[in-house]
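Build the 3D model from these lines:
(2 chains)
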Amino acid sequence: MTFPHLLFFIILLPFLGALVNAFWGKRYLREPNAGRVAVLFAAGSFALSVLAVMNLAQMPAAQRGVGIVDRVYPWIYMGRFQIDFSLTLDPLSAVMILVVTGVGTLIHIYAMGYMHGDPLYSRFFVYLNLFLGSMLVLVLGSNFILLYVGWELVGACSYLLIGFWFERVSAAKAGMKAFVVNRVGDYGFAIGIFLTFVAMTMALPPGAPIEMSFRQVSEVVAAGAVPMITVMIICLLLFWGATGKSAQIPLYVWLADAMEGPTPVSALIHAATMVTAGIYMIARTHVLFDYATPTIGGFPVVALIGALTAIFAASIALVQYDIKRVLAYSTISQLGYMFLAVGVGAYVAGIFHLVTHAFFKACLFLGAGSVMHGLHNEVDMRKMGGLKRYMPKTHITFAIATVAIAGIPPLAGFFSKDQILAHAFEHGTSGKILWGIGLVTAFMTSFYMFRMYFRVFWGEPEIAYGQAQGGDPTVPHQNPADHSPDAEGHDVGRHSEAVQAHGHGGGLPHESPGNMTGVLWALAILSVVGGFLLGFPEFISHATGLPFGHLLEGWLVPVFHHGGQTGHEAGHLSLAVELLLMGASIAAALLGLAAAWALYGPAKAPQFRSAQGLERTGFLQGKYYIDELYNAVIVRPGYVLARISDGFDRYVVDMIVNLTAFFVAFWGEVFRFFQSGYLRWYAWGMLGGATILLAWFVFLS
Amino acid sequence: MEAIERMINLPSSSFQAIAPEIILVLGALFILVLDLFLTRERHHYLQYFSLAFIALAGWYTAQLWGDTGFHFYDMIIVDNFRLSIAYTILIAAGMTILMSGPYIKREEVDLGEYYCLTLLATVGMLFMAAAADLIMIFVSLETMSIGVYILAAFQRYRVASNEAGLKYLLIGSFATSFLLYGIALVYAATGHTDLDGISRFLTNNPPAGDKILYAGIAMLVVGFGFKVAAFPFHLWTPDVYEGAPTSITAFMAAGVKVAAFAAFARVFMSALHPVHDQWAPALYWLAILTMSLGNLVAVTQTNIKRLLAYSSIAHAGYLLIGITAGTSEAASAMVFYLAAYTLMTMGVFAVVIYLGHKGEPNLTLYDFAGLGYRYPLLGFAMVVLMMSLAGLPPTAGFMAKFYLFRAAIREDLVWLVVIAVLNSVVSVYYYLGILVRMFMNPPEEEGRALPAYVPVGVTLAVSIAGIILLGIFPTPWIDAAQRSVMVALGMR
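Predicted structure coming up:
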């Protein structure tokens, strides 16, 4: 079943939901109806997405590569520059819209419980729906321009949602930081698009319309009409943009601070969807990256940055106390994996990890949110412990997601991560090094995740519950290494006040309401089955005859079939090597689990003395002091420049402006003087004008 | 006798060519008679009937769309330029009547003659757009003016209104004499009063140094300059706009100006086109002075109606650019501009009616303080209107300026456009100044509920919708405007 503009309706519904809540949410709908409306529109979008993807699945594979195109209307037509407002559903965007609307809807439902009692309840859902629509524009847009529009819109929504509790200075600052850092990335991205346009004007025959669609650009580049070096520069610029949005070195610094936003936002925007936009964009323009892969010293730049970010962020995550921060650095690290994958041409593996990561990371974030919900917004894991007694549902789902991200089979994270590592391994000599980095990261991932899991759910809290909650001044500030001003005071403010006003204060942790835990279960189940249902390794099914296959691979083949490297090269490795690599991944994960058990296992609780040396490592605890470095090198000089500009604006520009204004006012007064109200003056004025005109015409002609 | 016979033998298509005007004349008479049979409580029927006649006239205008030809011995022209101007005039008249209902009731001048005179003045305007002969232009201009003179003075008990009517009449007569003299001189120089004849004569006999012709042209500029309120023939405008009933001020600012510009454009851009190079420099300076004066003085105004009067002078200055450029592209841009200008003028005066009190104590800018939050819908409407008047996207005002300036640029009038753009910058100051007062200043007095003027609200809504529609999807309308000019006879 289909109908005209089906794709357009997919993006329209969330925007409509935002509009409804913006106009009527606060005054008429209120809680919980505002949330219900938002969920309804998100779910409607999901239903339409499923419908559209089913239509796509029924098409023959050859046609599927082109996909369903919905040309909504001609958008910007200026000479050769002819941009349509046009949406494309091909297998790649199909995966994306299912993740975005599916996980998005679940998080909408969760947020109904989480945001309970917030005075700006309906506004939150306005933003959330707005984000959903923007993200859909990003993944469904057929051309660079529409992708850019979506890219900026999600950035704006991210800003609004990080700073949602704007009374808190740290939240407002974090929002600004995210926005500014993203701007740096967007700058590169925009230049990349401009350069693509210029390249198109030169590559296309004169007079041919420049649509800037991915199809057109890919075809032109694949035909070799654009010089190799130009394509390489374009790729670098696009990747620059991706490092901003997807939080990679050197622009990753905003993501950890973005945790100031409400937790559903962290789950939806800063883990499952928006931050993966960079990976999506590179997969979308893979023809360019395949054609001219930018490299440094034999390393593909994208993969190298991805691998370095992965290990770098993972090492920071090892020692953090703030549970949301651990998850934030974990997200940066996992995004690094995805870049590693797309960097070595393993697009399917990258997208596969994107999907499974959306499941388990959303589950982890929402689980953390549930913990905070039960603990009056406590995020410090030192004040937690033994929560499995109080929050059994949250505990089980969190445990499942932890196993999934750690890469222990047969859960989702294992399959996707293993495939990325395998693809890295077969990528020449440089690939072996990348594989090594990835493997160490896998160990770290397992370690920090189980560390958090044990500290939060097992053992006992350092301070018993009910004694010192909510930043009691008698508790000394624990963390001398942590200088960053934004690390303190998480999730206090409006939200916590509202929660406490609702009467479940009193000290002891409690389980979250059903709409929250229900979502946790749904995501936990996806984290279990998502892996082997979507991407069971081909070589195992070949060897054993199991009925599973790599579903995603088959589905995405029409998108990635051109170009030399696809995901197929997994077949190049022998069965023995494949098994060996798989064994190494499993070993790294289990080793991480064992190390975490040794240091933080229930036997060691509650004081974890043996681990304190590691945790106090200044360099790690201080996050390598990158924020401080940026502050000194970029922010401070920026201030100086801003002061100078301010002075110039104040004393030079303003003076000119004021002089102009004086001029205007002066002449206004002069003319006003002649407006006396006396008729004879008016007649004289006319006569004077007529005389001058007459003289002009008679004597000058 | 022969003349009567010729009249009788006129083809019926000739009468069809003026069917909209005939309908409105009959409608005006019908209103006059109906007024006698209606009690005071049922006076609003007059409004409904007037609107119905205007709608009927509009429908007949639509029937004529696409026709071309001369009628009544080259007195009347049918072409799409006339018809698109006629639409604009009918929209202005319709919106005037729509918002007049509650207004004249509040001001206690709810008389049948009001609608009758409005319809008759509209007839004059339509004929101005349809006129193909200088004599016809003069007669229709008088038909229009006399109606408007009376309407300006319609609030008999109010001194300001009487003053406005009298001033308009006296200065208007003065200006009309210039126009008539101009017509006489042009006739003396060319031997023609029909526009096509003048054009043909000037093409065939290039008038090297014909002083009589140029004196005539100068006089015509004075006459038209008065009606469109160009510098220095604008002096009456603020006084009359301030004193006249607000609905009539809107009618003058939109309808009269549209009709006058239509005739102005037709005379100068078709009949006098062969001598374009001779008159263009004068209009170039007239445009600069008019828009600069309008904008500069508007900055110093505090009374909203006077401010709008100067704003209308400034817009006349922009429109003069179109005539100066003198191409068919400029003419189509003027058609678009006049439509956009009509919509925003009507909308902004509807707001003034909303906010006014009985007897029209001076409505100043201070009265706008804080209104944006007290009446959010009205605030939104004002945002759209002011942005459009200032020429900011995505409104009709922006597209109108864009097309007009582009036409001028194509004629190498770059400096004229630069000055016009600078003028637009000045205008942003006082247009947005109103918004600043509405949204950033606290209200001065205790709030009162807005009067429930449904027809005024409808006028405002139509104007806002039109402004946004023309601003976002200008292509079909500018296409229609371009087609309308290309069909126009004798216009290049």
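
What distance separates the opening and closing residues of stretch B:318-332?
End-to-end span of stretch B:318-332 (C-alpha to C-alpha, to the nearest Å): 14 Å.

And it, how far out from the chain middle?
Put simply, stretch B:318-332 sits 16 Å off its chain's centre (C-alpha atoms, centre = their mean, to the nearest Å).

Is any residue of it near chain A?
No. Using C-beta under 8 Å from any C-beta of the partner chain, stretch B:318-332 stays clear of chain A, coming no nearer than 13.3 Å. To be clear about C-beta, it is placed using only N, CA and C from the backbone, and glycine gets the same treatment.

mind listing the strands in chain A by residue range?
Along chain A, counting by DSSP state E, strands occupy A:68-78, A:81-89, A:295-296, A:299-300.

comparing those strands, which gets the lowest mean pLDDT score?
Note on the strands of chain A: strand A:295-296 shows the lowest mean pLDDT, a mean of 82.

What are the phi and psi values at whichever residue of the stretch 301-450 of chain A sits closest to chain B?
As assessed by C-beta to the nearest C-beta, chain B sits closest to A:N377 within the stretch 301-450 of chain A, at 34.4 Å. Backbone torsions of A:N377, given as degrees, to the nearest 10, read phi 60, psi 30.

how about the residues of chain A near chain B?
Within chain A, the positions adjacent to chain B are A:661, A:664-665, A:667-669, A:671-672, A:674-675, A:677, A:679, A:681-683, A:685-686, A:688-690, A:693-694, A:696-698, A:701 by C-beta under 8 Å from any C-beta.

which of those residues count as buried?
For these, a burial check counting by 16 or more other C-beta atoms under 10 Å in any protein chain shown picks out A:664, A:667-668, A:671-672, A:675, A:679, A:682-683, A:685-686, A:689-690, A:693-694, A:696-698, A:701.

thinking again about what came up before, most tightly packed of the strands of chain A?
Each of the strands of chain A was scored by mean neighbour count; the highest is strand A:299-300, a mean of 24, by mean count of other C-beta atoms under 10 Å in any protein chain shown.

Show me where the stretch 301-450 of chain B dips below the pLDDT cut-off.
The stretch 301-450 of chain B contains residues with pLDDT under 70 at B:359-362, B:444-449.

how many neighbours does whichever residue of it sits closest to chain A have?
Per C-beta to the nearest C-beta, B:V426 is where the stretch 301-450 of chain B lies closest to chain A, at 5.8 Å. Using other C-beta atoms under 10 Å in any protein chain shown, B:V426 has 23 neighbouring residues.

can you pull the contacts of the residue lying closest to it once chain neighbours are set aside?
Distances taken as C-beta to C-beta, 6 or more residues apart in numbering or on different chains place B:N295 nearest to B:V426, at 4.4 Å, with adjacent residues excluded. Taking C-beta atoms under 8 Å, 6 or more residues apart in numbering or on different chains as the contact definition, B:N295 lies against B:Y310, B:A314, B:N423, B:V426, B:S427, B:Y430.

can you confirm B:N295 is in a helix?
Yes. Secondary structure assignment places B:N295 in a helix (DSSP: H, G, I helix; E, B strand; the rest coil).

what's the burial count for B:L307?
Neighbours of B:L307 under the rule other C-beta under 10 Å: 25.

you'd agree it is in a helix?
Yes. Counting by three-state DSSP, B:L307 is located in a helix.

my guess is it contacts B:Y431, does it?
No. With contact defined as C-beta atoms under 8 Å, B:L307 does not count as touching B:Y431 (9.1 Å).

and B:S199, what pLDDT?
88.

got the contact list for B:Y284?
Per C-beta under 8 Å, 6+ apart, neighbours of B:Y284: B:T324, B:L413, B:L416.

Surely the second one touches B:L320?
The one in question is B:L413. No. B:L413 lies out of contact with B:L320 (C-beta under 8 Å); the separation is 11.1 Å.
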